[in-house]
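Q: next come a sequence and a model predicted from it.
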Amino acid sequence: MKAIPFNKNIVFSVLLAVIVFAIVNRIIPPHVSPVFDVVISKNRSSITDIHQTRDIEISRTAKVDVIDLADKSRFRHSKLGDLGYANDFFVDINAPFTVKKSGDYIFFVGSDDGFALSIDDRQICEWTHDRPLTVDPCRINLSEGPHKFKLEYFQGFGNAGLTMGYAFASDGKQYIAGDDSKYISFSKK
């Protein structure tokens, strides 16, 4: 077996290729499928209740693939990084989805701090005040066809996070909101 000659040109070429790869990887922003528009609004004053009057200073919209925004105890997407402000912000997600099989569904909303979930303009559950990340099961009977949900969230101070999953009640298998299943599909934007 003949050994590969070791010289400065090979070392330099490999090193240059690694540097070019690192630079290209760094300048291309992370990307996910834009399933949900997440509107994040910084409030001018402290937030202690999901229903308090809003006094919005600035808003921005992030496009995410799933509602799994509780990475490292922050309002953070695993690929896109931090999405929220340091504290005192509201989040609004309004999105269509299609039910493929009629029946009882459970939506699992995890929040640190408060949230309110409505489906087809009917509130099905909420947690109005501060709390550590906790998941609430929210049950509703849904007919086959198109529906719309509205998820409101607030972050006061400290750790943050928002997640939403769902399950067909009699099946019990949980899916992350944004992931299609044999029960629900989410409209891709």
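A: Looks like it arrived, so ask away. This is a predicted model, so every value here is computed, not measured.

Q: can you give me the helices in the chain?
A: Assigned by DSSP state H, the helices in the chain fall at 8-27.

Q: output the below-cut-off pLDDT ranges for it.
A: Scanning the chain for pLDDT under 70 picks out 1-7, 22-31, 188-189.

Q: quick one: contacts for the residue nearest in space to the middle of it?
A: The chain has residue 67 as the residue nearest its centroid, 2.8 Å off, counting by CA atoms, centre = their mean. Listed by CB atoms under 8 Å, 6 or more residues apart in numbering, the contact set of residue 67 reads 36, 93, 151, 162-164, 176-178. For glycine as for every other residue, the C-beta is placed from the backbone atoms N, C-alpha and C.

Q: surely residue 32 meets residue 83?
A: No: look at residue 32 against residue 83 with CB atoms under 8 Å: they stay out of range, at 11.6 Å.

Q: hey, what's in contact with both of the two?
A: Looking at what touches both residue 32 and residue 83 (by CB under 8 Å, 6+ apart), the common residues are 64, 77.

Q: who's more crowded, those two?
A: A direct count of neighbours by other CB atoms under 10 Å for residue 32 and residue 83 places residue 83 higher, at 20 against 15.

Q: which non-adjacent residue is nearest the more buried one?
A: Leaving aside its sequence neighbours, residue 83 sits nearest to residue 62 (CB to CB, 6 or more residues apart in numbering; 4.9 Å).
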